[in-house]
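K.L.:
Quick one: sequence plus predicted model below, questions after.
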Amino acid sequence: MNPVTQDKEKITKCFMFSVTAEKKKPTYFTTQLSDYKTGSLIGKSSFASTCVYTGQFRMTNKIVAIKRYNLNNISTEEINLIQREIIMMNQLTNPFIMSSLVSFVAGCEVILILPLMEYGSCSDLIKKHFFSGLPESVIKIVLKDVLKGMEFIHKKGIIHRSVRASHILIGSDGCTRLTGFRYAYCKKSNDNYTNKPRQIFEFPQNSESNLNWVSPEVLKQNMCGYNEKSDIYSLGITVCELANGFPPYINIRSTMMLMDKLNNKIPLIYDSSNINNADDLNEDIIKAFSSSYSNRKFCEHLHSFKNLCCTLNPEERPNEIMLLNHPLLKKSRSRKKPFSELVFPITPIKEEINVKKSQNKKMEREKT
C-alpha cells in the first residue's frame, strides 16, 4: 500500500472516532476550517507536529484556540493517542477539565476547536517570566483546581497518567483546566471508585517525555499494577516543577531516577530552608537560581503537601479529597488579589491580541 493511501486511511479512521465521540448536545461552532480565522502560534509540540493557534470564529467573532494535528508520517500508535485525546475531550464536561468545542478533519489534519485559555499553561508562565518558579499564591490556586479536575476524572474511572505543568492551562480569571488526555487510561464503566480502586497494568504508550512525573508503581511494571493514586504522585512532582521552575530528575539518567523513586528519595522544593543542603542541583542551576531560592521561604504546608503526594506506598498516599482539605489549601479559600496581579507583568493572550489589533489600525490610519 502506498503512503498516500495509508494517510487517507489514517485520516478516515480519526474522522470516524472524532464524530462518534462527539457530545450529543447543540454546538455553535461549525466543522469547516474556513469558518475560522487563524491567528498567532501560541503552542507547539513535536508530537504529530501539533500546533496551537489563537483563532476567531468568523460567524460570531468568538476568540478560540485552534489545535491542529498533522497526520502525515505518524505511526498507528500516535493515531491511537490522538483518538484517545479527542474522545476524552469530547466526553468530559467539567469546569476544571479542558473539553473541545468541536472537532473535525481538514485535509491531512485533525482540528480541535478549544476555549482559549488566555494565560497558556503553567509551563508557559515559567518560561515567560517566573524562571525560578511560580509564587506560592499562584501554586495554591493551581493545585486546588487541578485536584478538583482529578477528582472528577477519577470518579469516571479515568487515570490521567500525564499530570505536569504543561498540561495545566490557565484562563484569564485564574481558573485552571487539566488537559493532555492522550496518555489517559479509562477503566471499565462498571468499576466502582468508592471501593478499592482496580489495579491496571498497561504502561502508557509514547510516554518517554513524561517519565520524570510518572509514579514508582507505574515505572515498576510488575504484577502489583497501579491505580488513580499514581496521578497524585505525579501532582507531587508537578508541585516541585511549579515551585522550582523545572521538574526534578532533569539532569540524571532514567535508571538513577527510578532508583531515587524506589528508594523514596523525595525531590525538594528549594528555598532558604534547604538550598545550602541541596546536593542534587548541578552548577548551571545553582548559578542561575541560587540567589532566588536563598531569598524566598515557602510555607511548611507546601513542603508537607508535596511530601504526602510523593509517598512511596500508594495505599498510604492521600486521595484528592484528603488533599483538598490539607491546611495548604484550606487557608486559601478566598483570593485577596485578582489573578492578573499575582502573575504581573504577564498579560493574557486576548489582551495581546487586542493590543496588536490597535497597533495595526493605528498603522493603517498613519498610512492613509
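P.N.:
All right, it came through fine.
K.L.:
Next, the closest residue to Thr38 other than its chain neighbours: secondary structure please.
P.N.:
Nearest non-adjacent residue to Thr38, counting by Cβ to Cβ, 6 or more residues apart in numbering: Tyr53, 5.0 Å away. Just so you know, the C-beta spots here come from the backbone N, C-alpha and C atoms, and that holds for glycine as well. Secondary structure assignment for Tyr53 (DSSP: H, G, I helix; E, B strand; the rest coil): strand.
K.L.:
would you list every one of the helices in this structure?
P.N.:
Counting by DSSP state H, the chain has helices at residues 3-20, 76-91, 122-128, 136-155, 216-220, 229-244, 254-262, 283-294, 300-309, 320-324, 327-330, 339-342, 349-367.
K.L.:
Only the buried residues of the longest one, if you could.
P.N.:
Buried residues in helix 136-155, counting neighbours by 16 or more other Cβ atoms under 10 Å, are found at 136-154.
K.L.:
Against Thr60, how distant is the residue nearest to Thr38?
P.N.:
To Thr60, Tyr53 is 18 Å away according to Cβ to Cβ, to the nearest Å.
K.L.:
So between those two, which is more surrounded?
P.N.:
Tyr53 (18 against 10; other Cβ atoms under 10 Å).
K.L.:
Verify the contact between the residue nearest to Thr38 and Leu41 for me.
P.N.:
Yes - contact criterion Cβ atoms under 8 Å: Tyr53 and Leu41 qualify, at 5.6 Å.
K.L.:
tell me the contacts of Glu109?
P.N.:
Arg68, Tyr69, Asn70, Leu71 (Cβ atoms under 8 Å, 6 or more residues apart in numbering).
K.L.:
and if you look at Cys186?
P.N.:
Here Cys186 is in contact with Met88, Lys156, Gly157, Ile158 (Cβ under 8 Å, 6+ apart).
K.L.:
quick one: the last one from Asn227, how far?
P.N.:
In this view, Ile158 and Asn227 are 11 Å apart by Cβ to Cβ.
K.L.:
Could you do the second one as well?
P.N.:
Computed as Cβ to Cβ, the Lys156 to Asn227 distance reads 14 Å.
K.L.:
before we move on, what about the first one?
P.N.:
In this view, Met88 and Asn227 are 18 Å apart by Cβ to Cβ.
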